[in-house]
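In: Build the 3D model from these lines:
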Amino acid sequence: MSGEGGEDAVRQGTDEVTGGGSGDAGARGGAVRSLAELERQVAERRQRPAYGEDALISCDRLVRIFTADGVEVQALQGLDLLVNKGELMALVGASGSGKSTLLNILAGLDVPTAGAASVGGYDLLSMDAASRLRYRREVVGFVWQQTARNLLPYLTAAQNVVLPMQLAGRGGSFRAKRQRAARATELLDMLGVGYCHDRHPGQMSGGEQQRAAIAVALANNPSVVLADEPTGELDSATGEQVFASFRTANEELGTTVVVVTHDHAVADAVRRTVAIRDGRTASEVVRHTEVDEHGQESVVAREYATVDRAGRLQLPRDYTDTLEIRSRVLLELETDHIGVWPDRRSGEGKAERQD
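Out: Alright, predicted model coming up:
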């Protein structure tokens, strides 16, 4: 500010902080009160739980930059995401939005460039090679889109399920072998492909292979199962069967499941769908069941825009296109909401042109 008006405003703001300008004692008392208030606010902030403290999966301002031929590509640009234990949720987004990059980081197959990420207490940025191997064997299970990547062709379905348990070093005694075999049979039966127990992948359909692959992912009782387009190569009916297996694992075993998908049927069948755009979480659809006065149940879906840790908000593209918002907006703080308006002075928005 400049000039007398600016100086008056500064003096007024100072008076409000110090409790008015009537005497040194009043100013000192107001300053003490303000300092006490600030100390109280700081103490309250320190007592708040840390970001993601109670979440199974926590991503805080996650960045992933790839360099190819001297050109940097930012696949993730400060992405925030929290997933609670026991959730069954989907990640959606256009090709190149960053969702598969995020899944590879959560799977321990890739390392972030910056930010923070943890799964089940494992810091994904600081793990050494041994910790990363243990993490992939014990904490996460992974299901690829390509059915051929999930199962070894020379092993039966049951042998494929047993293999991760063997690699985890769960004993070589006869009793341990029996327990592994029983676990494999139990998982295949639970997912509806028990009849494929002694079949090789070449003797199984694509849907059967994917359900057997989910059993492999569950073999070591992981905290979370990650799936990258698991129904992408299947017809809709078979895809529903595969997704039903994920739901079974979630409900019966309590396993957290995160699915990257383009399949609207899958995205609409989970309680929470997170959309990623340009390397950041852009919106969430949250679904819940309501019962009307006649006792009829219905699923109600509500879409929310997400606000990241830096306070950034991605406006839906169809909204900005409708109002022809290009670079900036006006914000107005109301008692219970924030108004977002096209900047009319710069000529943005239809209203300016119609005027």
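In: How about residues contacting stretch 68-77?
Out: If you take CB atoms under 8 Å, 6 or more residues apart in numbering as the criterion, stretch 68-77 is touched by 62-67, 98, 101-102, 105, 112, 115, 278-280. To be clear about C-beta, it is placed using only N, CA and C from the backbone, and glycine gets the same treatment.
In: how about 7 Å then?
Out: Stretch 68-77 is touched from outside by 62-66, 98, 101-102, 278-280, with contacts defined as CB atoms under 7 Å, 6 or more residues apart in numbering.
In: Could the C-alpha coordinates of the helix or strand containing residue 320 be exported in PDB?
Out: Using DSSP states H and E, residue 320 sits within helix 317-322. C-alpha atoms of helix 317-322 as PDB (Å, rounded to 0.1, in the frame of the first residue of the first chain):
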ATOM      1  CA  ARG A 317     -12.500 -29.000 -17.400                       C
ATOM      2  CA  ASP A 318     -16.100 -28.900 -18.500                       C
ATOM      3  CA  TYR A 319     -16.700 -26.200 -15.900                       C
ATOM      4  CA  THR A 320     -13.800 -24.100 -17.000                       C
ATOM      5  CA  ASP A 321     -14.700 -24.600 -20.700                       C
ATOM      6  CA  THR A 322     -18.300 -23.500 -20.100                       C
END
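In: Tell me the helix or strand right after it.
Out: Next element after helix 317-322 (DSSP H and E): strand 329-333.
In: which parts of that next one are buried?
Out: Using 16 or more other CB atoms under 10 Å as the burial criterion, the residues of strand 329-333 that qualify are residue 329.
In: Would you mind pulling the contact partners of that strand?
Out: With CB under 7 Å, 6+ apart, strand 329-333 has contacts from 338-343.
In: Out of the residues you listed, which one has the lowest pLDDT?
Out: Among the contacts of strand 329-333, residue 343 carries the weakest pLDDT, at 82.
In: got the contact list for that one?
Out: Contacts for residue 343 (CB under 7 Å, 6+ apart) come out as 328-330.
In: ok, now how distant is it from residue 80?
Out: Separation of residue 343 from residue 80 (CB to CB, to the nearest Å): 27 Å.
In: do the same with residue 68
Out: According to CB to CB, residue 68 stands 26 Å off from residue 80.
In: now residue 44
Out: Residue 44 is 22 Å from residue 80, by CB to CB.
In: ok, these two, which is more surrounded?
Out: A count of neighbours by other CB atoms under 10 Å puts residue 80 above the other of residue 44 and residue 80, at 21 against 9.
In: So what does that one have for phi and psi?
Out: phi -110, psi 140 (degrees, to the nearest 10).
In: That one: what's its closest spatial neighbour, skipping adjacent residues?
Out: residue 308 (4.5 Å; CB to CB, 6 or more residues apart in numbering).
In: what about that neighbour, neighbour count?
Out: Residues near residue 308, counting by other CB under 10 Å: 18.
In: so who does it touch?
Out: 78, 80, 280-281 are the contacts of residue 308 under CB under 7 Å, 6+ apart.
In: Just give the number of residues close to residue 227.
Out: By other CB under 10 Å, neighbour count at residue 227 equals 27.
In: So it is in contact with residue 144, correct?
Out: No: with contacts counted by CB atoms under 7 Å, residue 227 stays clear of residue 144, the gap being 8.1 Å.
In: mind checking pLDDT for residue 31?
Out: Model confidence at residue 31, expressed as pLDDT, equals 52.
In: try residue 187
Out: At residue 187, the model reports a pLDDT of 97.
In: was I right about it contacting residue 216?
Out: No: assessed by CB under 7 Å, residue 187 is found out of contact with residue 216, at 8.5 Å.
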